[in-house]
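# sequence first, predicted coordinates after that:
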Amino acid sequence: MQAAKNLDQQHEQIAFFAYEQLERAGLRRGMIVWDVGCGSGAMTEYLARSVGEEGHVYALDVSENQVARTCERLHQAGFKNFTCLQGDITATLDSPKGEADLVYARMVLMHLKNPEVALLQMAQLLKRGGVLSLQESIMHTASISPAHEAVDDYFRTLIKLGNFHGVDFNIGEKLSQLCEKLGCFEKIEHYVTDRTLSAAMAKKILLSRLLEWEERALEAQLLTAEKLKEWKKSLKNLEGDQFIFKPAAQAHLIAKK
């Protein structure tokens, strides 16, 4: 439940950049689109609305709960132009290849041990002339000014946790190189966006996200119970107009096959 709430909160913060990216990628009515790693379905709903009745959206997620959540969300919104699928993008999908106009994925590769395999699968879903549209974080760019020890330590530990599990939370800065290696895209556009948040919003986001990964960090011995307690106390006291928080920059890639 906490993870689902965090996904919706994250969507609220970065939705503008996602919509802008998809506009640049050429999203329009009548398209066949894949939403890979659909999560709570916020972007699936946007995609279904954008392609209209003439188009179709395939929503894929490895989590059965997230797939069910997405299906329910779109049913309640009255959409019929979608198909929800539970599956792993790094495994062979029993789905039509070479038919999609657009494949979209947001904050997916950063959680995968084999992002190259996932990208190859996404590319295979696209028809000739189709577009791959990716958005990923560059975690090491997250910062707060003036410096705040707990916040800085928070992100250093989070990156270490990713490395511990064999994933890269800075993968956003490598998107171009990863797609170039596939050798199947005619044109690749890569750009970065960032934003600033108030101390109050930073406090809310950091504490809610911490609930998702604190146990894993403790188990990996990257965090102690005493340090966790210190973090929470310090973050709860994070306030004041003097603080400017910059969440992780967002890397965007648009590649035409």
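Thanks, I have the structure now. Note that the coordinates shown come from a computational prediction; the quantities given were computed from them, not determined experimentally.

# which is the next helix or strand following the helix or strand bottoming out on mean pLDDT in the chain?
The weakest-scoring helix or strand in the chain, judged by mean pLDDT, DSSP states H and E, is helix 2-24 (a mean of 74). Elements were assigned by DSSP states H and E; along the chain past helix 2-24, the next helix or strand is strand 32-36.

# for that next one, give the mean pLDDT please.
Along strand 32-36, the predicted local confidence has a mean pLDDT of 98.

# tell me how far that strand lies from the chain's centre.
Relative to its chain's centre, strand 32-36 lies at 14 Å (Cα atoms, centre = their mean, to the nearest Å).

# each with direction, which strands does it pair with?
According to DSSP bridges, the neighbouring strands of strand 32-36, each with its direction, are strand 56-61 (parallel), strand 100-106 (parallel).

# so what does the helix or strand just after the first one touch, helix or strand wise?
Same thing as strand 56-61. Counting by DSSP H and E, the element after strand 56-61 in chain order, helix or strand, is helix 64-76. Of the remaining helices and strands, those touching helix 64-76 by 3 or more Cβ pairs under 8 Å, 6 or more residues apart in numbering; DSSP states H and E are helix 2-24, helix 42-51, strand 56-61, strand 82-86. Every C-beta, even on glycine, is put in place using the N, C-alpha and C of the backbone.

# got CSV for the ones you listed, with distance to Phe169 and mean neighbour count too?
Below are the helices and strands packed on helix 64-76 laid out as CSV (distance: least, Cβ to Cβ, whole Å; neighbours: other Cβ atoms under 10 Å):
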stretch, distance to Phe169, mean neighbour count
helix 2-24, 14, 15
helix 42-51, 20, 22
strand 56-61, 19, 26
strand 82-86, 25, 18
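
# nearest to Gly30, of the ones you listed?
Relative to Gly30, the nearest member of the helices and strands packed on helix 64-76 by Cβ to Cβ is helix 42-51, separated by 6.4 Å.

# the closest one vs strand 100-106, what angle?
Between helix 42-51 and strand 100-106, the angle comes out at 150 degrees (axes from the mean of the first three to the mean of the last three Cα atoms, to 10 degrees).

# pLDDT on helix 42-51, on average?
Predicted confidence along helix 42-51 averages 97 (mean pLDDT).
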